[in-house]
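Q: After the sequence you'll find the predicted model.
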Amino acid sequence: MSAATTRGVLLGAATGFTLGYAALRAAQALRDRNAPYPALAERDPLRYGSMRRALRVAGIVRGLAGLASTAFVLADPLDRALRRLPRPLRAPAFAVALVALETVRDFGVEYVEGYLAERVNGNSDQSARSWFVDQAKSFALGCVVTAVIVELLDATVVRAPRRWPLIAIAATPPLLAFATVIVPTFVMPLFNTFEPVEGDLERRIRALASRYGVGGAAILRFDMSRQTKKANAFVTGVLGTERIALADTLIDAFAADETLFVVAHELGHYVRRDPWLGIALGTAAMTTTLLGADAALRASTGRGLTSPAQGARLAWYASLLQLGLMPLANAASRALERRADRFALAATEDSAAGIRAFRRLGEQNLAELDAPRWDEMLFASHPSLGSRIRALEAAGTGR
């Protein structure tokens, strides 16, 4: 069998798998709309964790197959169809068209694996209508962001066809810093309502934050319960835009000292400058991804980023590199999470509250205390709750 034939067979298999998987999920979504799947009798973290692992692995395979199909089957015909557009509009129109096509193709997948799976497992009471609205907002926002970024990248490629990766890498830190300010301030409020936290909890959080120079941060409550029963909190912002945000699911379910430990953990990220470290790590990952993908594109096609179709193939190679970097990125993230746990313990001097908070987080988020080691090593951005609890127990006994 020739190389061309082998390539054709592989691309045919990738396309068939992608479309078949999407069709199966679309049929399941339609069935649920006509006769809703019932909720499971009890919430089981082991069953839920096993399901999520299977979906994660299937998602990686499906994502790579879908990108291969897009890059090597769909990209050239779509590129030709858009050649009548003015040159500055071709690349963003190409990218937005791909976003739209993939959104339609994978809508059933998102419904079943995102909305339906969470509802059936008792993690969400969100209505299908509310979920549809959130998806529409995400799609519109994604199209705008994609069009702007692709237009900027295309203009850079036109002016510097050999040096564009270096220019894009240099632009990454300011763009990531800009996103750190823009996303919590303007994007997140499109999906949730943020309101000031008041009362004793606000005073305790502000007193804690003041000890570390963040006393002026906005302390906000947001209605995460619109989408999920899971709990979360975060501290975000740079250069005077700091926000301490607590989900209503956290405030309503956790005791005050447990909430304070969670906030202290998030403050640990801020005080230890993890947002800036994240920007540095993101830039390093972008450097490896762009330079590697550009080299792979030139080696495989004999030319660089000369057309929107070549851009789709660049994205394919970049996705392979990002998958290879994932374990390293997750290992770095887990180390930062452990450091934030140690910061929270030092800040609150209350290991018992931390232990209770992590146990409650596991119950509320339907999370296994200890997932399989291979799953944590490859895919987990946080250490297992079990390991974090054991570290706090050891600290509490002075070992």
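A: Happy to help now that I have it.

Q: hey, let's count contacts and neighbours off CA atoms from now on
A: Fine.

Q: So the spatially closest residue to Thr70 that is not a sequence neighbour versus Ser300, what's the distance?
A: Excluding its sequence neighbours, the residue lying closest to Thr70 (Cα to Cα, 6 or more residues apart in numbering) is Ala312, at 7.1 Å. Distance, Ala312 to Ser300, by Cα to Cα, to the nearest Å: 14 Å.

Q: Also Tyr21?
A: Tyr21 is 29 Å from Ser300, by Cα to Cα.

Q: One more: Leu19?
A: 26 Å.

Q: Distance from the helix or strand in which Ala285 is found to the middle of the chain?
A: Element membership of Ala285, judged by DSSP states H and E, is helix 274-301. Centre-to-centre, helix 274-301 and its host chain are 18 Å apart (Cα atoms, centre = their mean, to the nearest Å).

Q: Now do the end-to-end distance for stretch 214-234.
A: 13 Å.

Q: just stretch 78-95 next, same as before
A: Stretch 78-95: ends 10 Å apart by Cα to Cα.

Q: which residues of the stretch 51-200 of the chain score low on pLDDT?
A: Applying pLDDT under 70 to the stretch 51-200 of the chain picks out no residues at all.

Q: Would you state the strands of it in chain order?
A: Secondary structure of the stretch 51-200 of the chain (DSSP state E, counting those that start in this stretch): strands at 194-196.

Q: Tell me where it has helices.
A: 75-81, 87-105, 107-110, 117-120, 128-159, 164-182, 200-210 (DSSP state H, counting those that start in this stretch).

Q: what's the closest of the ones you listed to Ala331?
A: helix 164-182 (20.7 Å; Cα to Cα).

Q: buried sites along that closest one?
A: Using 16 or more other Cα atoms under 10 Å as the test for burial, helix 164-182 gives 164-165, 168-169, 172-173, 176-177, 180-181.

Q: now the angle between helix 274-301 and it, please.
A: Counting by axes from the mean of the first three to the mean of the last three Cα atoms, to 10 degrees, helix 164-182 points 150 degrees away from the direction of helix 274-301.

Q: Now do helix 164-182: which elements does it pack against?
A: Applying 3 or more Cα pairs under 8 Å, 6 or more residues apart in numbering; DSSP states H and E, we find helix 164-182 packed against helix 128-159, helix 274-301.

Q: if I pick Asp248, what's in contact with it?
A: 221-225, 231 (Cα atoms under 8 Å, 6 or more residues apart in numbering).

Q: Which pLDDT value belongs to it?
A: Predicted confidence (pLDDT) for Asp248: 94.

Q: neighbour-wise, which of the contacts of Asp248 leads?
A: Neighbour counts for the contacts of Asp248, by other Cα atoms under 10 Å, peak at Phe222, which reaches 24 neighbours.

Q: I'd like to know how far that residue sits from Ala128.
A: 20 Å.

Q: just Leu297 next, same as before
A: Counting by Cα to Cα, the gap from Leu297 to Ala128 is 41 Å.

Q: so who does Lys230 touch?
A: 123, 224, 249-250, 361, 364-366.

Q: ok, which pair from the residues you listed is furthest apart?
A: Met224 and Leu366 (15.8 Å).

Q: number of nearby residues for Leu208?
A: With other Cα under 10 Å as criterion, Leu208 counts 19.

Q: re the thing from before, so which of the buried residues of helix 164-182 comes closest to Pro36?
A: Thr180 (38.9 Å).

Q: For stretch 384-398, the averaged confidence score.
A: Mean predicted lDDT for stretch 384-398 stands at 88.

Q: for stretch 321-328, same thing?
A: The model assigns stretch 321-328 a mean pLDDT of 95.

Q: Okay, buried residues for it please.
A: In stretch 321-328, counting by 16+ other Cα under 10 Å, buried: 321-322, 326-327.

Q: contacts for that stretch?
A: 285, 288-289, 292-293, 377-379.

Q: Show me which pair in the residues you listed is furthest apart.
A: Ala293 and Met377 (24.7 Å).

Q: Counting neighbours around each, name which of these two comes out higher.
A: Ala293 (23 against 17).

Q: ok so, going back, return the member of the buried residues of helix 164-182 nearest to Arg7.
A: Using Cα to Cα, the buried residues of helix 164-182 come closest to Arg7 at Pro165, 28.2 Å.

Q: and the closest one, how far is that from Ala285?
A: From Pro165 to Ala285 the distance is 13 Å (Cα to Cα).

Q: give the contact list for Leu314.
A: Going by Cα under 8 Å, 6+ apart, the list of residues near Leu314 reads 293-294, 297, 305.

Q: does it count as helix, strand or coil?
A: Under the three-state scheme (DSSP: H, G, I helix; E, B strand; the rest coil), Leu314 adopts helix.

Q: roughly how far apart are it and Thr306?
A: Distance from Leu314 to Thr306, by Cα to Cα: 11 Å.

Q: ditto for Gly49
A: On the measure of Cα to Cα, Gly49 and Thr306 end up 44 Å apart.

Q: Could you check which of those two has the larger neighbour count?
A: Per other Cα under 10 Å, whichever of Gly49 and Thr306 has more neighbours is Gly49, with 17 against 12.

Q: Quick check: that one touching Asp370?
A: No. Applying Cα atoms under 8 Å, one finds Gly49 not in contact with Asp370, separated by 9.9 Å.

Q: Surely Ala367 is in a strand?
A: No. The assignment for Ala367 by three-state DSSP gives coil, which leaves it out of any strand.

Q: mind checking pLDDT for it?
A: Reading off the model, Ala367 has pLDDT 93.

Q: What does it show for phi and psi?
A: phi -100, psi 140 (degrees, to the nearest 10).

Q: can you count the residues close to it?
A: Neighbours of Ala367 using other Cα under 10 Å come to 21.

Q: Any idea how many residues pack against the nearest residue to it once chain neighbours are set aside?
A: Distances taken as Cα to Cα, 6+ apart place Pro45 nearest to Ala367, at 5.4 Å, with adjacent residues excluded. Burial of Pro45 is recorded as 19 neighbouring residues (other Cα under 10 Å).
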